[in-house]
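# structure of the sequence below:
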Amino acid sequence: MNTATQNPAKDRIARTRVRQAVPADIDAIDRIERRSFAKDRFPRRNLRRVLKSPAAVFLIAEDSGAPAGYVMLLFRKGTSVARLYSIAVDPDFRGLGVAERLLAEAAQKAAARGANRLRLEFRPSNQAAQRLYERAGFMLLERKPGYYDDGEDAIRMELTLTPQTTGDRRAQP
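Numbering: from 1, shown residues only. Below is the predicted model of the structure:
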């Protein structure tokens, strides 16, 4: 076997499967939520409600069958803008490309549902999120002062979607 062609990170990403979440995934999603966020956590009942909502797309990533992360998209009737409401990766799976896979799948699902833009907000203190979104091609829209309950601002970004959007800015025209 040629060790020069082996790439453990790529092998691990290849094992990551993203699928539509179902109500039976609530325990795994709630665990990821609790392990991922010290504040701004979604209550379990809200997660359960969104899982069942026709106005949402809720995806879960699995690595070798283990829940690794999720992404939640919301759609509003009468608009072509989808909202990436939450994305979380279990701390045990960070740095393995799970967030990138979830983001790319979310962009594809949003475009498939007719959205031409994907928007999100995040805390400026979350530098990892900012790097992820910038790599995916999101552009700065605005900074919203005092957006969060603790007074921290929010950064709002947007990704222009095309029918073949992959979440990678190189796919953009």
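
# ok, which stretches of this protein are helices?
Assigned by DSSP state H, the helices in the chain fall at 8-15, 26-36, 44-52, 98-112, 127-135.

# so which of those gets nearest Leu118?
helix 98-112 (5.0 Å; Cβ to Cβ). For every residue, glycine as well, the C-beta is placed using N, CA and C.

# quick check: angle from the closest one to helix 127-135?
50 degrees (axes from the mean of the first three to the mean of the last three Cα atoms, to 10 degrees).

# now for helix 98-112, which elements pack on it?
Applying 3 or more Cβ pairs under 8 Å, 6 or more residues apart in numbering; DSSP states H and E, we find helix 98-112 packed against strand 16-20, strand 56-63, strand 66-75, strand 81-89, strand 117-122, helix 127-135.

# hmm, 6 Å instead?
strand 16-20, strand 56-63, strand 66-75, strand 81-89 (3 or more Cβ pairs under 6 Å, 6 or more residues apart in numbering; DSSP states H and E).

# including distance to Ala28, could those go into TSV?
Putting these into TSV (distance: least, Cβ to Cβ, whole Å) gives the following:
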stretch	distance to Ala28
strand 16-20	12
strand 56-63	7
strand 66-75	4
strand 81-89	11
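
# having no further points to raise, I will conclude here.
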